[in-house]
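J.: Using only what follows, build the 3D model:
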Amino acid sequence: GLQEVDNHFGARSNFTDEAAWLASSLHMHYCYGANLDLNPLEPGQARRQYGTAVLSRLPILSCHNTLLPKTVATNEQRGLLDTVVNVKGVPVRVYNTHLQPNANDRTVQVQAIMEQIGHQQGPLVLMGDLNATPTASELGAPLCRSDGRLAGSRIGRRLQLPGCEPARPHRRHLRLPGSGVGIGSGE
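T.: Model prediction:
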């Protein structure tokens with residue numbers, strides 16, 4: 001997942017569609033979500049956008065960006081990019097975000113993220129620039145239960161966030177049933 005991605009935004013990126021350029025250069029698929037969407041500098045030019053992106057060597061089935069709440073109107077708009085990737089026939093939701101650097105906004109943004117992803121069925125990945133230290137309470141508490149599982153989850157996803165660690169170490173594995181896909185990590 002990429003953050004601070006320009007799409008015809010300005011001279012700093014030579015008005016390039018960075019996500020499309022990277023995906024083409026790397027022979028990948030991409031999903032882009034504009035969190036800022038500004039008028040062009042000149043009539044007839046592309047809109048000036050700034051946001052997040054997901055690159056994937058696997059096919060992307062769908063792509064949707066949700067703007068996240070903020071506590072002060074002048075704070076930069078942030079979002080949650082929801083990309084569904086086809087992993088050997090199994091749809092895997094890949095969420096990418098870029099949270100505000102202040103705790104008040106991060107708190108309401110994490111709550112909004114949980115409203116969107118907490119009920120999802122099937123495998124998912126949540127990643128991004130959280131603009132927080134690993135011990136930030138606004139991240140761990142809303143995102144996990146005391147047993148290390150994703151809050152609101154009925155299918156037992158585990159997170160690696162402060163407060164999400166179970167009482168004793170264990171091995172974490174992602175297995176997609178019937179797909180032959182597996183990711184494992186030991187502790």
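J.: State whether residue 76 and residue 102 are indeed in contact, as I suppose.
T.: No: contact criterion CB atoms under 8 Å: residue 76 and residue 102 do not qualify, at 10.7 Å. To be clear about C-beta, it is placed using only N, CA and C from the backbone, and glycine gets the same treatment.
J.: Okay, buried residues for stretch 121-128 please.
T.: Within stretch 121-128, the residues that count as buried by 16 or more other CB atoms under 10 Å are 123-126, 128.
J.: Closest to residue 14 out of those?
T.: Ranked by distance to residue 14 (CB to CB), the buried residues of stretch 121-128 are led by residue 128 at 25.1 Å.
J.: Per-residue pLDDT of the closest one, please?
T.: Predicted confidence (pLDDT) for residue 128: 91.
J.: what's it sitting at in phi/psi?
T.: Dihedral pair for residue 128: phi 150, psi -170, per degrees, to the nearest 10.
J.: how close does the nearest residue to it once chain neighbours are set aside sit to residue 106?
T.: Counting by CB to CB, 6 or more residues apart in numbering, residue 97 is the residue found nearest to residue 128 once chain neighbours are left out, at 3.8 Å. From residue 97 across to residue 106, the span is 10 Å (CB to CB, to the nearest Å).
J.: shared neighbours of the two, which are they?
T.: residue 130 (CB atoms under 8 Å, 6 or more residues apart in numbering).
J.: OK, contacts around the residue lying closest to residue 101 once chain neighbours are set aside?
T.: What sits nearest to residue 101 in space, not counting adjacent residues and going by CB to CB, 6+ apart, is residue 131, at 4.3 Å. By CB under 8 Å, 6+ apart, the contact set of residue 131 is 98-101, 106.
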